[in-house]
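Undergrad: predicted model, plus sequence, below.
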Amino acid sequence: MALEDPRRALTHFAAAVSHHGPYDPDKEARGAVIYLAGKSAARLALGDVDAALESAHEAVGRMGGVDSALGSSTLNELRVELGKHQRIRAVREFLGLTA
């Protein structure tokens, strides 16, 4: 995303979330949340709000019970980006659920 290539970033975020080698997203919830939020941001940058919301919901679900400043900060940044699309009902509902 830093290189302003969301399609490429999406590929990397998706690979990071699904990789079960030394990094296990089921055991490392904070990392999974960060990658899922990145995946959501990349999808949003590509104009796919529905897919962005899908990843955002998954990130919030993984965050449940994890106390992480970085994970929370990452989700807050995602909420700001999604907030630019509040005209879409599903986005408003997501933002209401995660407020």
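TA: Great, that's in hand.

Undergrad: can you check which helix is longest in this protein?
TA: Criterion DSSP state H: the longest helix present in the chain is helix 29-45.

Undergrad: list the helices and strands it packs on?
TA: Applying 3 or more C-beta pairs under 8 Å, 6 or more residues apart in numbering; DSSP states H and E, we find helix 29-45 packed against helix 6-18, helix 49-63, helix 69-83. Just so you know, the C-beta spots here come from the backbone N, C-alpha and C atoms, and that holds for glycine as well.

Undergrad: which of those helices comes out lowest on mean pLDDT?
TA: Per-stretch mean pLDDT for these is lowest at helix 6-18 (a mean of 74).

Undergrad: give me the residues contacting stretch 47-54.
TA: Contact with stretch 47-54 is made by 40, 41, 43, 44, 82, 85, 88, 90, 91, 94, as judged by C-beta atoms under 8 Å, 6 or more residues apart in numbering.

Undergrad: contacts only, for the spatially most central residue of the chain.
TA: Nearest to the mean C-alpha position of the chain, by C-alpha atoms, centre = their mean, lies residue 37 at 1.6 Å. Taking C-beta under 8 Å, 6+ apart as the criterion, residue 37 is in contact with 55, 56, 59, 74, 75, 77, 78.

Undergrad: before we move on, the earlier item: give me the mean pLDDT for the longest helix of the chain.
TA: 86.

Undergrad: what's the angle from it to helix 49-63?
TA: 170 degrees (axes from the mean of the first three to the mean of the last three C-alpha atoms, to 10 degrees).

Undergrad: which parts of helix 29-45 are buried?
TA: With burial defined by 16 or more other C-beta atoms under 10 Å, the residues of helix 29-45 counted as buried are 29-45.

Undergrad: now swap in stretch 78-94 and tell me
TA: 78, 79, 82, 85, 91, 94.

Undergrad: could you dump those into a markdown table and include distance to residue 12?
TA: Shown next, in a markdown table, are these (distance: C-beta to C-beta, whole Å):
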| residue | distance to residue 12 |
| --- | --- |
| 78 | 17 |
| 79 | 22 |
| 82 | 21 |
| 85 | 23 |
| 91 | 25 |
| 94 | 24 |
